[in-house]
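Undergrad: just need the structure, nothing else, for what follows:
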Amino acid sequence: MSKKLSNLLMGYVARPKASISMGALGGLKSFLKEKSRTFFVIAFLTPFLAALTIMYGLPCALSVLMSFTDMGLSFELHFLNPLLKNYYTIFHVADPRVPVVAQTTILYVGCTLLINAGFSLVLGVLTAYCIRNENVASVLRLLWFLPRMTPVIIYALLWLWFTDPTYGPLSIVSSWLGLKGVRWLLDKPYSQLLMILVNGYIGASWGMVIYVSSIKTIPLEIIYAAKADGATDWDVIRRIILPLLKWPILFVTSWQTLSLIGSYVEILAIWDGYSFTSGVEVWSLFTYHTAFEGYRFGYSAALAIVMATIALILVAIYFKVFGFKRMLEPSRIEV
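TA: Alright, predicted model coming up:
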């Protein structure tokens, strides 16, 4: 029994019933109400936290444990000697494929992030503010969002048709321009450019929706006041819209970085069997191939741990650059 509750009950017992103050009863009621609210919060959160631990915490812990082993098809945990042998293989370039995969991943994440976080911001401002006709803006948003609603296999088949060396529209147009015999999915740097576009098209649509939703929440009175003071559309975008989008930009950039570092489904669906020779073998796909084609589960777990660590470091850098602590401070403007 807590000290606060004991004091309230002692005051209740020590006084005659006629002299019990309404303040004591009110304090007791508020205390019990607060405790009941805390109990219900804990009761509702406990299943969620338990499920989160089982579905994410345990697999992460198991992956860390596996990274120190040579687990293969036997699924036996034999710890390596030295214990960090898998990490030594990665960082000391004992595996000659690692530097190639790392360079491809840096190119892929860096360029695609410019589309997913940067170009999507342009689309969001364009369709939410610059285009005054809401019907036209909605159609443009729908066109960009269609790939997000399309199943991955259908999306991959469309790109395979689009780049077909004989009947594909891209090959037909390129032949008119004098580029004949180009294997768009197999020859570098064309394959790497398509890898960026394939994933950028999907990612830009997601970021665009986030930015549009955020811009729509900006009070129109602020924009009208700026217009009344002689501000141009560019002034409104630069001095009002972009500063108010600091939170969404941080969220989209962080989320897309995590997503891109761990994504490989579209690449696997389009370049399955030719990803390494085509120059599109990214780190996450290399981890997948190492585990489920090379059956080196211990080594693939080490690759996954390195990948996740780099992703978290990048997000921490974003938080530092955007001034996350300063963004959490309450507004200094008094209303």
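Undergrad: isn't Leu140 right next to Ile131, touching?
TA: Yes - the criterion here is CB atoms under 8 Å, and Leu140 meets it with Ile131 at 7.3 Å. For every residue, glycine as well, the C-beta is placed using N, CA and C.
Undergrad: how about the contacts made by the nearest residue to Ser275 once chain neighbours are set aside?
TA: Nearest residue to Ser275, sequence neighbours excluded (CB to CB, 6 or more residues apart in numbering): Glu281, at 4.5 Å. Going by CB atoms under 8 Å, 6 or more residues apart in numbering, Glu281 touches Arg97, Val100, Val101, Thr104, Ser275, His289.
Undergrad: what does the helix or strand hosting the last one contact?
TA: Same thing as His289. Element membership for His289 (DSSP states H and E) is helix 283-292. The contact list for helix 283-292 (CB under 8 Å, 6+ apart) reads 97, 101-102, 105, 261-264, 267-268, 275, 281, 296-297, 299-301, 303-304, 307.
Undergrad: which SSE is the most centrally placed residue in the chain in?
TA: In the chain, the residue lying closest to the centroid (CA atoms, centre = their mean) is Trp255, at 2.2 Å. Trp255 belongs to helix 246-262 when assigned by DSSP H and E.
Undergrad: I'd like the next helix or strand past that helix.
TA: Once the chain leaves helix 246-262, the next helix or strand it forms, by DSSP H and E, is helix 265-271.
Undergrad: hang on, the earlier thing: okay, the angle between the helix holding His289 and helix 246-262?
TA: 40 degrees (axes from the mean of the first three to the mean of the last three CA atoms, to 10 degrees).
Undergrad: quick one: the helix or strand following helix 283-292 to helix 283-292, angle?
TA: Under the assignment DSSP H and E, the closest C-terminal helix or strand after helix 283-292 is helix 297-322. Note on geometry: by the same axes, to 10 degrees, helix 297-322 and helix 283-292 are set 160 degrees apart in direction.
Undergrad: helix 297-322 packs against which elements?
TA: On a contact count with 3 or more CB pairs under 8 Å, 6 or more residues apart in numbering; DSSP states H and E, helix 297-322 meets helix 58-66, helix 85-91, helix 246-262, helix 283-292.
Undergrad: now it: average pLDDT?
TA: For helix 297-322, the mean pLDDT works out to 92.
Undergrad: just the buried positions in it, please.
TA: Buried residues in helix 297-322, counted by 16 or more other CB atoms under 10 Å: 297-308, 310-311, 314-315, 318, 322.
Undergrad: what stretches of this protein score poorly on pLDDT?
TA: Counting by pLDDT under 70, the ranges of the chain that qualify are 1-35, 329-335.
Undergrad: follow-up on the earlier one: how much does the helix holding His289 deviate in direction from helix 58-66?
TA: Going by the same axes, to 10 degrees, helix 283-292 makes 70 degrees with helix 58-66.
Undergrad: mind checking how far helix 283-292 is from the chain centre?
TA: How far helix 283-292 lies from its chain's middle: 20 Å, per CA atoms, centre = their mean, to the nearest Å.
Undergrad: restricting to C-alpha, output it in CSV.
TA: Extracted in CSV, the C-alpha atoms of helix 283-292 (Å, rounded to 0.1, in the frame of the first residue of the first chain):
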residue,chain,number,x,y,z
TRP,A,283,23.7,-5.9,-49.6
SER,A,284,20.3,-7.2,-48.6
LEU,A,285,20.1,-9.4,-51.7
PHE,A,286,23.6,-10.7,-51.1
THR,A,287,22.5,-11.6,-47.5
TYR,A,288,19.5,-13.4,-48.9
HIS,A,289,21.6,-15.4,-51.5
THR,A,290,24.2,-16.2,-48.9
ALA,A,291,21.5,-17.7,-46.6
PHE,A,292,19.2,-19.4,-49.0
